[in-house]
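Trainee: whatever this is, show me its structure:
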Amino acid sequence: MPEPEKTTLSPMLSVRRGAEAVDFYKAAFGAEELFRIGDEGKGVVALMSIAGAEFWLADEAPEYLNFSPESLGGGTVRMILVVSNPDAAFPRAVKAGAKVISPVEDKEYGWRVGRVLDPFGHHWEIGKPLR
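Mentor: Predicted structure coming up:
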């Protein structure tokens, strides 16, 4: 990989069934797979991009203290996906298998946003600031 031109911060989501997670994020969010090693039998580590916003995912590895939300009984991070049209992006995630936590609606704090739970235990808020 080339040397970064600026500092970036990319979350790494710990999951069970990493290969399935790669496929889910492609279907749910239109993610592109930029890098991947491993397989379902040995564990997967992948770099994903949603319109240039990068995140990593990896099969959980308790021996390295990396646990999925399924092992912990919930997640510790919420992903915030800012898109131009949350009303179109939200149902795509649900169709791919995400569970609706709260529908897309205008919030008093100036956002149009909804929240889903992906099949791997991670919460995603899908929205945009209102102008």
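
Trainee: bridging residues for residue 111?
Mentor: Under DSSP bridges, the beta-bridge partners of residue 111 are residue 129.

Trainee: burial count for it?
Mentor: If you count neighbours by other Cβ atoms under 10 Å, residue 111 ends up with 17. Any C-beta I mention is one placed from the backbone N, CA and C, and that applies to glycine too.

Trainee: likewise residue 22?
Mentor: Residue 22 has 19 neighbours, counted by other Cβ under 10 Å.

Trainee: mind checking the SS state of it?
Mentor: Following DSSP: H, G, I helix; E, B strand; the rest coil, we place residue 22 in the helix state.

Trainee: next one: it from residue 114, what distance?
Mentor: Residue 22 is 24 Å from residue 114, where distance means Cβ to Cβ, to the nearest Å.

Trainee: give me every residue that touches residue 114.
Mentor: 86, 90, 100, 101, 102, 103, 104, 105, 125, 126, 127 (Cβ atoms under 8 Å, 6 or more residues apart in numbering).

Trainee: nearest to residue 77, of those residues?
Mentor: The closest of these to residue 77 turns out to be residue 125 (Cβ to Cβ; 11.3 Å).

Trainee: isn't the closest one right next to residue 83, touching?
Mentor: No: under the criterion of Cβ atoms under 8 Å, residue 125 makes no contact with residue 83, lying 10.6 Å away.

Trainee: show me what counts as buried in stretch 112-123.
Mentor: 112, 113, 114, 115, 116, 117, 118, 119, 120, 121, 122, 123 (16 or more other Cβ atoms under 10 Å).
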